[in-house]
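Participant: everything below, folded, please.
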Amino acid sequence: NWGLEGATGDFAKRHGITIWLGSGVDGDPLDDNVRAATTGRNVMLLDEISSFQGHSYLKLESDRVASRDHYVQKYGANHIIGYASTVVGTGEPGVSNWGWPTWNYVQAILTATQSHLASHFIPSHRPQLQFTTRYSQYVWARDVKVVAPPKAEGLIQVDTEAEEAKLRWKNFVYERDVDSGREIIVHLVQTPPTDMIDYQWADEPDPIEGVSVSLNAAGLDVSSAIACRPYHFEEPQQVVQTDLEIELVENTVKVHVPPFRYHTMLVFRVADNE
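Facilitator: A predicted model of the protein is given here:
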């Protein structure tokens, strides 16, 4: 049960316990505990938090990115956050439909940072839980490696027709080797309308339209591209996957992203040109 410094669990904070010692994070001279804990093949490290309610979306993202880069990418562990209260009940959906907008904003961040969620189940969890189960090879597989933001910005360009559309993606680009080459994975995450997490927020965003993603394909042969997203509230309860038409202009591959509300994932299948 470790959190990064500054993200130590609520119980530990209340009791003045620093539980990140031996984890090798900045300010900690040793990583003996985390090395010992991650000698197994399927280790899960918990960042303990009792609720996301009232927390900053940006801090949630930055903490998850730091945890991913340290525990998942460096030590090959899995990281989980919880046990987070759902805040909303499991009975009638209420005005917010079981906190549907907010839980989808939160879970989009968790999925894009290779995080697992520990919480009681409510219907608003289902879309993203189904998504991560269906596409676990792109989210949680041990060979999924993060592409650092400077390299990601040289590889990927995201354009939106609507000025108000604010997408987060630069921390959410990955790649994995496959038999035919490699896959480049890009998560597009909608920026929430509020700074703080609020499960009473009831307004769903309009689907984002007019998004295009360009891939710097110099020296690459791009054979296919797909877009995958969780289902929306009014849709059948199944993930939505779309084969994308590839436009090749000189050394750039461009695809047009189908509309989405909270999160979509693109997967490009590429091979290095001989």
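Participant: going by C-alpha atoms from here, please, whenever you check contacts or count neighbours.
Facilitator: OK.
Participant: any idea of the mean pLDDT for the helix or strand encompassing A271?
Facilitator: Applying DSSP states H and E as the criterion places A271 in strand 263-272. The pLDDT scores in strand 263-272 average 94.
Participant: and stretch 238-256, by the same measure?
Facilitator: Averaging pLDDT along stretch 238-256 gives 95.
Participant: only the buried residues of that stretch, if you could.
Facilitator: The neighbour-count check on stretch 238-256 (16 or more other C-alpha atoms under 10 Å) flags V239, V240, Q241, L244, I246, T252, V253, K254, V255, H256 as buried.
Participant: Provide the contact partners of the strand holding A271 at residue level.
Facilitator: Residues outside strand 263-272 that contact it (C-alpha atoms under 8 Å, 6 or more residues apart in numbering): 108, 180-190, 219-230.
Participant: pull it out as CSV, backbone CA atoms only.
Facilitator: Extracted C-alpha coordinates of strand 263-272, given in CSV (Å, rounded to 0.1, in the frame of the first residue of the first chain):
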residue,chain,number,x,y,z
HIS,A,263,-12.6,9.3,-23.9
THR,A,264,-11.6,7.6,-27.0
MET,A,265,-8.5,5.5,-27.9
LEU,A,266,-6.8,5.3,-31.2
VAL,A,267,-4.6,2.4,-32.2
PHE,A,268,-2.3,2.7,-35.3
ARG,A,269,-0.7,-0.5,-36.6
VAL,A,270,2.7,0.4,-38.1
ALA,A,271,5.9,-1.2,-39.4
ASP,A,272,9.3,0.3,-40.1
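Participant: neighbouring strands for that strand, and are they parallel or not?
Facilitator: strand 181-190 (antiparallel), strand 220-229 (antiparallel) (DSSP bridges).
Participant: distance from that strand to the middle of the chain?
Facilitator: Distance of strand 263-272 from its chain centroid, counting by C-alpha atoms, centre = their mean, to the nearest Å, is 15 Å.
Participant: ok so, going back, kindly write the PyMOL command that selects the buried subset of the contacts of strand 263-272.
Facilitator: Burial among the contacts of strand 263-272 is assessed by 16+ other C-alpha under 10 Å; the matching PyMOL selection reads:
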select buried, resi 108+182+183+184+185+186+187+188+189+190+220+221+222+225+226+227+228+229+230
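Participant: quick revisit: select, from the buried residues of stretch 238-256, the two members most distant in space.
Facilitator: V239 and T252 (28.5 Å; C-alpha to C-alpha).
Participant: if I pick the nearest residue to N78 once chain neighbours are set aside, what's in contact with it?
Facilitator: Closest residue to N78 in three dimensions, ignoring its sequence neighbours and counting by C-alpha to C-alpha, 6 or more residues apart in numbering: M44, at 4.6 Å. Listed by C-alpha under 8 Å, 6+ apart, the contact set of M44 reads A77, N78, H79, I80.
Participant: which of those fall within strands?
Facilitator: Of the contacts of M44, the ones assigned to strands by DSSP state E are N78, H79, I80.
Participant: scan those residues and report the most crowded one.
Facilitator: Compared across these, H79 has the highest neighbour count, 25 neighbours, by other C-alpha atoms under 10 Å.
Participant: so for it, what's the pLDDT?
Facilitator: At H79, the predicted lDDT confidence score is 92.
Participant: please apply the same query to T194.
Facilitator: Note on T194: pLDDT of 95.
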